[in-house]
Every structure is written in structure tokens, then in C-alpha cells.
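Undergrad: quick one: sequence and predicted model below, then my questions.
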Amino acid sequence: MVIAEAISGLGAVKTAFDMAKALENIHETVARDRAIIDLQKEILAAQAAQFALLERVGKLEKEVTRLEAWDADKQRYQLAELAPGIFAYSLKEGMANGEPQHHLCTACYDADFKSFLKRETWNPGRCAMIVCHGCGWFAYEHGSADPAHKGLRPTPYRE
């Protein structure tokens, strides 16, 4: 029986040793799991950053395409004086491409935006006006300012 008890005691020691080793492995497993979680966080952050960069690149490519098209369109216009001291960009001769003759606001044109100028009559005084509804610019072609015109000023649709 002593041998059986000794073997049983050795088995218990072995079991305790295995359990201690398992505890050590548990510690290593926890550390490994933490490292994996940290790595996964870093991978997700990198993927989010990559996605944001891809979105930004897409937006920039669209902007470059828009600016290239606007640069080509800009070549169709030249600066002209519509009335004394009132300037606008007008279609060059032979560049209409089927469009009626029109004029573009100089401020909008310089901001890479195509905004047509519109002729209006403001009362009282039957003032002939040139108006840009893109940026809110206006000029008196004939007539003079009246306090009642304040309510007629255009509200810009772009900033």
C-alpha cells in the first residue's frame, strides 16, 4: 500500500505541477489574448485611416476633374465692359456652342464658379440693374439707388 500511496502522492504532485503549468499558460494566454486584441485595434484603426484616405482621394479626384472642365470652359470667355465701370466675362466670338449670348459674374468666375448675370428693373425709379444671384453682387446700369431697393437685393445662393 505504501507504494500505491507513494504513486498516488506522485500523481497528486504531477497533477499540481500540471495545474501550476496550466496557470502559467493561462497567464501567457491572457497576455497573448491582450496582444491580439491590441493588434486588432491597431488593424481596425489603420483600416479606418485607409478608408478615410481613399474617400479623400476620391473627393480630390472629382475636384480635379471639375477644375479641369472649368479651365476648359473658362477659355470660352473674355473680360468685357457691359456699361461704364461694369465688367463681366462675356462669351468670345464663335464660342457659343449653341448657347445664347450671356455674361458671367467676375467674382464668381474668379472663384471657379459659373454664375450668369441677369438684367432686372428695380422700382421705384425704373433702374436698370445687372445682378448676380450667385454671390449677391449688383450694379446700377441706369438710375440710382433708392432706399426701397434694399428689399430687392439678391440673396446669394452660394457663399
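TA: Looks like it came in fine.

Undergrad: list phi and psi for the most centrally placed residue in the chain.
TA: Nearest to the geometric centre of the chain sits residue 59, at 6.4 Å (Cα atoms, centre = their mean). Phi and psi for residue 59, reported as degrees, to the nearest 10, are phi -60, psi -40.

Undergrad: could we number from 628 for the rest of this?
TA: With the count now opening at 628, the last piece we talked about shows up as residue 686.

Undergrad: got a pLDDT number for it?
TA: Confidence at residue 686, expressed as pLDDT, is 95.

Undergrad: same question for residue 667.
TA: Confidence at residue 667, expressed as pLDDT, is 87.

Undergrad: gap between the residue nearest to the centre of the chain and residue 736?
TA: Noted for residue 686: a distance of 23 Å to residue 736, by Cβ to Cβ, to the nearest Å. No exception for glycine: its C-beta is placed from N, CA and C like everyone else's.

Undergrad: before we move on, what about residue 678?
TA: In terms of Cβ to Cβ, residue 678 sits 36 Å off from residue 736.

Undergrad: more neighbours: the two, which one.
TA: residue 736 (20 against 10; other Cβ atoms under 10 Å).

Undergrad: which pLDDT value belongs to the more buried one?
TA: Looking at residue 736, its pLDDT stands at 94.

Undergrad: tell me which element it is part of?
TA: Residue 736 is part of helix 733-737 when elements are defined by DSSP states H and E.

Undergrad: after that helix comes which helix or strand?
TA: By DSSP H and E, the next helix or strand past helix 733-737 is strand 744-749.

Undergrad: and the angle from the helix or strand that comes right after that next one to strand 744-749?
TA: As assigned by DSSP H and E, the chain's next helix or strand after strand 744-749 is strand 754-759. Calculated by axes from the mean of the first three to the mean of the last three Cα atoms, to 10 degrees, strand 754-759 forms an angle of 150 degrees with strand 744-749.
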